[in-house]
Each structure stands twice: as C-alpha cells, then as structure tokens.
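[1] curious how this folds, go ahead:
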Amino acid sequence: MSTLETNAIGKYSGNNVSIDDALNLKSYTTVQRDALTSVAGDTIYNSDDNKVQVYTGSAWEDTGLSYIPVNYLVIGGGGAGCGIYYLDQTGAGGGAGGYRCNYASENSGGGATSSDEFVSYFIQKSTSYTVAIGAGGTGNAYSYGNTRGNISEFSKIISLGGGAGGGYSHFGESGSSSGGRIVSASGGTYPQTFAVNNQGYLGGTGGGLHQASGGGGGAGSVGTNAGSSGGAGGAGGSGISSSITGSSVGRAGGGGGGGDGNTGGSASDGGGAGGNNAIGTAGTANTGGGGGGAGGSNTGTPGTKSGGNGGSGVVILRYPTADATISVGAGLTSSSATDGSDTVVTFTAGTGTVSFA
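    A predicted model of the protein is given here:
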C-alpha cells in the first residue's frame, strides 16, 4: 500500500488544501515506468524524458501540449499536355505541380529558398491534420479540353496544380507552373499566363500554324520556347531534386511541347516528353510532372492525338522517430521507411487525415 508522508497540511477556506513546499512526483526511468502495474490516472515524472506523464489506461502520455518538428515536401498534380485535332497542329506541354519543401536547405519551386518556407514546422500531438494528393490533369485530343492538375495539401501547406498546355485555338493555363503557350497563325499572342510565386515557373511559347509548341513550366525553371518556324517542340522546364527520403530524387518537371515534322520537346524530373506526329507522353506518377503536348506533321494521315496526362502529386513527411508515431486515416495510400534517426512517410494517393502520438 502507498504511504503519504507530510510534515504539515494547511487548510484554506472551503475545501482548498495548500502545501508549503513544491510537490515532487515520484521519478521513474522509462524502463521502470513500463514495469509498473498502472491504472488510468497514474501520474509520474519520467527522468529520461524530463516530463510529467499520465497513464490513460492504454499508454503513457505527456501532460500539456506536445509538439514535434516535421519536414515536408508537398507537390501538386501536374497539368495535362495539349492535344491536337488536325494534322498540322501542335500542343504545348503542361506545367508542373506546385513544389513546396522545408527539408534541410533545399529550395521550393519558382526560385523560393528555404527561408521562404517554415524552417521549423511543428505539429501538435493528438490533433488531426489533412493530407490530400492532387491528381494530374487529363489530356485529350481537343486543345480546350485539357485540364490542370489538382491541389496537394498537408496541414496549412498547399501546393497548386500545374496549368494545362495551350494549343492553336487555346492558350496555356495558369497554375503553380503554367502550361506552355502558342501564338496565333497571324502572329498575335494569346493571353498571358502566369505562375505562382514560390511554387513554379512560366511555360514557354511556340509558333502558330505548322510550327512547334512551347514546353510547360517546371518547379526549377521556365519552359523552353519553340522555334519561330516549324521544328522541334520546346523542352519542359526542369524540376527540383530533394533528399527528404534519404536519396536525391528530381520531381516536378514541365512537359515538353509537341513537334511539327521534327522531334517533340524533351522533359526531365517526371515531366512527359512532347510527341511528333504522336500523342504526348504522360507525366510520371507522384512527381507532379507536366504531360507532354501532342505533335502533328505537315505530311501523313490526319488524325486526332491526345496530350499526355499530368503526373499525380505527392506528400512526404519526415520527423524524428523517437518523438512520435503516426496514425494514417482511411482514404490515404502511404508507405513508411526510416533514414537514420528519422521516419519518412510517403503519401501517394487519396485524401484523409493523419495524427501523431
């Protein structure tokens, strides 16, 4: 039986009880604590963690608010490349999904540096946070039917989808990174697109009828302009590499523009290459890469050709393994790994909530 020892207890008015000296809880190491036969409500001082802890009936929890530091990489879905309906058209590449990262000293998209992000991002334990993975845009054979990518999200960190590529009768869309553009046959430029600061870059421009299209903007650079006469499509803008998982991986490249009787525009870091008398290549899943634009030819058989779909986005979280465990809610597809003393969780599809304990 436990024994309460005291020199004096003084009673205030009503039922209040005062203690002259500081209250000192029994101190236990984590090993000693775990060896106890505890019931809900038991309270101790953990000398290993230097925290007051209470037993909930199933686990020991720290008292008061508890936060853990989290590094994040959040990439939106890539925009679709533009398709073509006639033989002599070309479609521009789709823009990459928005790119936000606070790991180490790595950059975010659109020229943002680590100082533009939450250098220290703290998550409160026992609180639910939303995670959403943006799907890539869908490409088809009509320049006006291609779609931009969708938003990816973790907590308050939101990365926009990339803009869809433009075509002969449609200008590239704005987004985190804008889709490539094209000019009219008469030489006039379709309305200007724009990219979102700290997420991505502008797409390139191309020529009009019988000319190639521009590449979509990437997280790391603008899309390349196509030549002023028939030829190769513009290359998609480069993405950015991150080592948040423990290995350096490039993501969020823009899609290449379609070629006209020459090669389609190249792409990297998950972006899809542009086609030449062929459909555009899809962006790689979970990179936010833009889809490649379809390409035509001045010779051959007419036919519709679809732009490439944009690559889906991704959310990657990294936190100290000793600080917390994560619970992933229904609706999310994820995988977990360790790198040194950290846990790395990669979310590849769905929408749901996560919490830490």
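
[2] number of residues surrounding residue 164?
    Neighbour count of residue 164, defined by other Cβ atoms under 10 Å: 43. (Glycine included, C-beta is placed from N, CA and C.)

[3] pretty sure it is touching residue 136, no?
    No. Using Cβ atoms under 8 Å, residue 164 is not in contact with residue 136; the gap is 10.3 Å.

[4] what's near enough to touch the closest residue to residue 257 other than its chain neighbours?
    Distance criterion Cβ to Cβ, 6 or more residues apart in numbering; nearest residue to residue 257, sequence neighbours excluded, is residue 233 at 3.2 Å. Contact analysis of residue 233 by Cβ atoms under 8 Å, 6 or more residues apart in numbering lists 90, 92-93, 206, 212-215, 226, 256-260, 262-265, 274, 276, 293, 295.

[5] let's go with 7 Å and repeat that
    Applying Cβ atoms under 7 Å, 6 or more residues apart in numbering to residue 233 gives the contacts 90, 212-213, 215, 226, 256-259, 264-265, 274, 293, 295.

[6] ok, and the most crowded of these?
    residue 293 (54 neighbours).

[7] hang on, it packs against residue 257?
    Yes. Counting by Cβ atoms under 7 Å, residue 257 is a contact partner of residue 293 at 4.9 Å.

[8] name the residues contacting each of these two.
    Joint contacts of residue 293 and residue 257 (Cβ under 7 Å, 6+ apart) are 90, 92, 93, 180, 213, 233, 274.

[9] any idea how far the first one lies from residue 147?
    Read it as residue 90. Applying Cβ to Cβ, to the nearest Å, the value for residue 90 to residue 147 is 19 Å.

[10] isn't residue 271 up against residue 236?
    Yes. Counting by Cβ under 7 Å, residue 236 is a contact partner of residue 271 at 4.1 Å.

[11] state which strand of the protein is the longest.
    If you go by DSSP state E, the chain has its longest strand at strand 342-356.

[12] what's that one packed up against?
    strand 129-132, strand 314-320, strand 326-328, strand 332-339 (3 or more Cβ pairs under 7 Å, 6 or more residues apart in numbering; DSSP states H and E).

[13] okay, the second one in PDB with CA atoms only?
    As requested, the backbone C-alpha atoms of strand 314-320 are provided in PDB (Å, rounded to 0.1, in the frame of the first residue of the first chain):
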ATOM      1  CA  VAL A 314       2.900  13.500 -53.600                       C
ATOM      2  CA  VAL A 315       3.200  14.400 -49.900                       C
ATOM      3  CA  ILE A 316       6.300  13.300 -48.000                       C
ATOM      4  CA  LEU A 317       6.700  13.900 -44.200                       C
ATOM      5  CA  ARG A 318       9.900  13.400 -42.200                       C
ATOM      6  CA  TYR A 319      10.100  13.500 -38.400                       C
ATOM      7  CA  PRO A 320      12.300  12.200 -35.500                       C
END
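
[14] does anything pack onto that strand? Which helices or strands?
    Helices and strands touching strand 314-320, by 3+ Cβ pairs under 7 Å, 6+ apart, are strand 67-69, strand 71-75, strand 152-154, strand 342-356.

[15] show me what contacts the residue nearest to residue 112 when sequence neighbours are not counted?
    Nearest in space to residue 112, with sequence neighbours left out and distances taken as Cβ to Cβ, 6+ apart, is residue 198 at 3.7 Å. By Cβ under 7 Å, 6+ apart, residue 198 lies in contact with 108, 109, 110, 112, 116.

[16] I'd like those residues as JSON lines, with distance to residue 125, secondary structure and pLDDT appended.
    What follows is these, written out as JSON lines (distance: Cβ to Cβ, whole Å; DSSP: H, G, I helix; E, B strand; the rest coil; pLDDT from 0 to 100):
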{"residue": "108", "distance to residue 125": "27", "secondary structure": "coil", "pLDDT": "94"}
{"residue": "109", "distance to residue 125": "30", "secondary structure": "helix", "pLDDT": "92"}
{"residue": "110", "distance to residue 125": "33", "secondary structure": "helix", "pLDDT": "90"}
{"residue": "112", "distance to residue 125": "29", "secondary structure": "coil", "pLDDT": "88"}
{"residue": "116", "distance to residue 125": "27", "secondary structure": "helix", "pLDDT": "84"}
